[in-house]
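[1] Show me how the following folds:
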Amino acid sequence: MSTTLQKQRTDYSTVEQAMIWRKPASHVTSEQERRIANTITATWQMPEMRITNLLLEGDAGSGKTQLAKALSADLQLPYTKITCFADMDKSDILGSLLPVLDEDSELQTIFDESQSQTEVISRLADHLKLSEQDAKAYLQRYQDSHQSVSYRFYPSEIVKAVQNGYLLEIQEPTVIRDASVLVALNSVLEPNGTLETLQGRIQRHPDTVVVLTTNRNYQGNRPLNESLRDRMQYSEKMDLPTIPVMVARASAKSGLHNEKLLTVMANIIRLLDETAKANGIHGVAGMRSYLYWSASAAFTDILKSFDQMVLYKVTTDELEIDLLKQAIIDAGLWDQLVSLVTQSAVKRTIPAVTPQKDVKPSVSEPTTSAVADQNKPEQDSEADKQTVSPDNEKSLDTKSEDDNVQPDGDKVTAEDAKRDTSLDVTSTTGTEQQVESFHEGETLSMPIIDTEAAKQTRKALNQSARESLQNTIHAHEGLIVHVPKITPADVKIANKSLQSNHLITDQLVQQMREILQNEHASDVVKGKVFGQQFDASKVVNQDFGYFTKKRTPDEDPSLAIAVRVDQSASMVEDDRIKHEQTAIFALTAFCRDLNIPLTINGDTADVSERERTSIYAYKEFDEDYDTALLRLTTIKALNNNRDGSTLKILADKLAARTEQTKLLINLSDGQPKAMPNYTGDLAKNDLQHVVHEAEREGIVVLSAALGDDAETLKGIYGNQRFLDFTDLNKLATNLVHVVMRFV
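    Predicted structure coming up:
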């Protein structure tokens, strides 16, 4: 589709005309593209109400950048972009004043590399074809003319776009740490906005269209600044396209026209995307993976290219790979894929290209495409036409080049399909490799309790909790915070649990320690007289602070964690409470070994008329881990649950922390329910409000489902915050793995 806008500027230069995106023949116009282009067109003649600031928010691979480029073609506006990064400052937004270097780069190289004046003169004479005397005179004139450094303003892409009326895509603005950098954009996002640069005030061209594209809920992303979001006149939620649209695009772009096969592949991509989100895996399974996987049919077996083209883009962690593969197997999609590949050849058509004489076709990769047959000479040997015997244990992709056997691309026999077509699901939890324990012979002992200090602690916890709930629907429900008492029997149980949990945590702790030892701090300090990176924009200050230096990395990760433990009566089913207790124990031991600040609260409801809400303080941020490990042995399934109260209290505790990353994890086996009417929409709205307020404070909220009510919890917390922990046997390992992603 294309639209005709009455633009103020039509005299584009040749370079600017080349910047207007041209849709390829394989482009499929989406509903979002039509809707946005029509909206812009409809408001173009309304100067004060013109829609020119767009926000496209969605997962990686959902087509945000492709949509921005398509709008360039629809609106016939030159397209340019800027990709944001964490340490971006205002000079990246506005432009920089930089020293002007000599236009003759070879001349500059001579000055930089020469060790003496004699060498400079000699190389100048050769370069300029001068005598030695003339070279000396040239050098003297050059030095006289370069006594003072001249500077030039180099505008950023943002300034160029705003000044000339382009379509500007700003990618990933949410990764920027400094909020003032984003606020600097506010003025230019106004309809008649301006930018204050070193060159003067620049007025926004009326034809300028700004498109912000950002991934939602990815690690490293921050909430978009409220003032910036408010200036977005149109927002679009970008998700993976529907299956028919995915199939149509893949067929057009890759040339693979087997609709049934493409449909199964699309279903695998969507399942991977959903499973990764449900288990807190931050990898990507989107349209890019789908398109390139489809295109791989031209040169290899799509069954064998699955790992490299799709799976390893989501994760390379063995436990997570096993989880994803198992999900595909359980859904029956892998068997369907193998069946389709076995029953019929995978047909693909690609544009003809002129073969390069120096490039020999690879014989090391199998193929399921027709391309191999199209390019094969008729004089091929009989060995090329034979299928591999089932007795031959060599897989096609491990043949020696000396065998000189070219697999038939179109003919996939049943024997071929049986070999290497099953997903290898192995678990690292049962590996024979034993890691030396950090805690050989370690035991916990009965702590000495100061009765008066403990009383004051309980009093302070109750007061703090009531203040947190003061302006909520829980304010008038009786609240008591308990600090569990420890007995000698609890010490014995805790020591037994500690030793068994070291099998889970020690290997993970060792892995994280190795990462942290090699970790470089991402924060930088500017204006230093020495450092790793020269910052030319600081030269104009003439204070010798021309360098940027990374901060010294901390020994401990900048992460604080709060966990809500479900102690409702339904947790007795399937021994959920025992599995939950083991998982929390493992997480506490893990955090202790890495010195990660941790607080844990459990809760139940309706113990009595006076005590509607009961909070169990197993660990506060300022308490030692060993005492917490002892208290965790007292976790029991009790009564109803009022999730929102505990989550609000924990969120307030996290908000007061100074760590860079704040993680709030909710463990729950189902929808909350408490007297008199805390259930249904009331409870759902309360929880969503708590989550929204927590995320405004920069807290990452995750909710893990432990029971059969997983879909209900997903509906309450949202797919992007939902963790599927219904496999209770892996609960402890999965919980620690989720935390590791934020360290």
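
[2] Any stretches of this protein with poor pLDDT?
    Scanning the chain for pLDDT under 70 picks out the ranges 1-4, 99-105, 146-150, 179, 216-223, 344-442, 500-508, 510-557.

[3] Tell me how it divides into domains.
    14-95+155-238, 101-148, 249-353+363-426, 451-513+556-740, 524-550 (automatic domain parsing).

[4] need the ones you listed in TSV with distance to Ser445, can you?
    For glycine as for every other residue, the C-beta is placed from the backbone atoms N, C-alpha and C. Output for the domains of the chain, formatted as TSV (distance: least, Cβ to Cβ, whole Å):
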stretch	distance to Ser445
domain 14-95+155-238	38
domain 101-148	67
domain 249-353+363-426	34
domain 451-513+556-740	7
domain 524-550	42
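
[5] How far off centre is stretch 599-616?
    Chain-centre distance of stretch 599-616: 36 Å, with Cα atoms, centre = their mean, to the nearest Å.

[6] where's the residue of the chain positioned farthest from its centre, which helix or strand?
    Among the C-alpha atoms of the chain, the one most distant from their mean position (Cα atoms, centre = their mean) is that of Gln133, at 62.6 Å. Assigned by DSSP states H and E, Gln133 belongs to helix 132-145.

[7] Other residues contacting that helix?
    The contact list for helix 132-145 (Cβ atoms under 8 Å, 6 or more residues apart in numbering) reads 117, 120-122, 124-125, 128, 130.

[8] Buried members of these into PyMOL, please.
    Burial among the contacts of helix 132-145 is assessed by 16 or more other Cβ atoms under 10 Å; the matching PyMOL selection reads:
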select buried, resi 120+121+124+125
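
[9] want to throw the contacts of helix 132-145 into a markdown table with secondary structure?
    Shown next, in a markdown table, are these (DSSP: H, G, I helix; E, B strand; the rest coil):
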| residue | secondary structure |
| --- | --- |
| Gln117 | helix |
| Val120 | helix |
| Ile121 | helix |
| Ser122 | helix |
| Leu124 | helix |
| Ala125 | helix |
| Leu128 | helix |
| Leu130 | coil |
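
[10] just the contacts of helix 132-145 now: which is nearest Asn677?
    For the contacts of helix 132-145, the residue nearest Asn677 by Cβ to Cβ is Val120; the value is 87.2 Å.

[11] Now the nearest residue to that closest one once chain neighbours are set aside, what are its backbone angles?
    Sequence neighbours aside, Ser114 is the residue nearest to Val120 in space, at 4.4 Å (criterion: Cβ to Cβ, 6 or more residues apart in numbering). Dihedral angles of Ser114 (phi, psi; degrees, to the nearest 10) stand at phi -70, psi 140.

[12] Any figure for the gap between Ser114 and Asp126?
    12 Å (Cβ to Cβ, to the nearest Å).

[13] Just want to know which of these two has more residues nearby.
    Ser114 (15 against 11; other Cβ atoms under 10 Å).

[14] How much space separates the more buried one from Ser122?
    8 Å.

[15] Strands along the stretch 201-350 of the chain, start to end?
    209-215, 234-238 (DSSP state E, counting those that start in this stretch).

[16] Include distance to Arg696 when you put the contacts of helix 132-145 into a markdown table, please.
    Formatted as a markdown table, these follow (distance: Cβ to Cβ, whole Å):
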| residue | distance to Arg696 |
| --- | --- |
| Gln117 | 63 |
| Val120 | 61 |
| Ile121 | 66 |
| Ser122 | 67 |
| Leu124 | 63 |
| Ala125 | 68 |
| Leu128 | 64 |
| Leu130 | 68 |
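
[17] out of the contacts of helix 132-145, who's nearest Glu609?
    Ranked by distance to Glu609 (Cβ to Cβ), the contacts of helix 132-145 are led by Val120 at 93.3 Å.

[18] coming back round to it: show me what counts as buried in the helix holding Gln133.
    Result for helix 132-145 [16+ other Cβ under 10 Å]: buried residues 135-136, 138-139.

[19] Can I get that helix in PDB, CA atoms only?
    Provided in PDB are the C-alpha atoms of helix 132-145 (Å, rounded to 0.1, in the frame of the first residue of the first chain):
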ATOM      1  CA  GLU A 132      64.000  17.300   1.000                       C
ATOM      2  CA  GLN A 133      64.400  21.200   1.200                       C
ATOM      3  CA  ASP A 134      60.800  21.700  -0.100                       C
ATOM      4  CA  ALA A 135      59.500  19.100   2.400                       C
ATOM      5  CA  LYS A 136      61.100  21.000   5.200                       C
ATOM      6  CA  ALA A 137      59.500  24.200   4.100                       C
ATOM      7  CA  TYR A 138      56.100  22.400   3.700                       C
ATOM      8  CA  LEU A 139      56.400  21.000   7.300                       C
ATOM      9  CA  GLN A 140      57.200  24.500   8.700                       C
ATOM     10  CA  ARG A 141      54.100  26.000   6.900                       C
ATOM     11  CA  TYR A 142      52.000  23.100   8.100                       C
ATOM     12  CA  GLN A 143      53.100  23.500  11.700                       C
ATOM     13  CA  ASP A 144      52.400  27.300  11.600                       C
ATOM     14  CA  SER A 145      48.900  26.800  10.200                       C
END
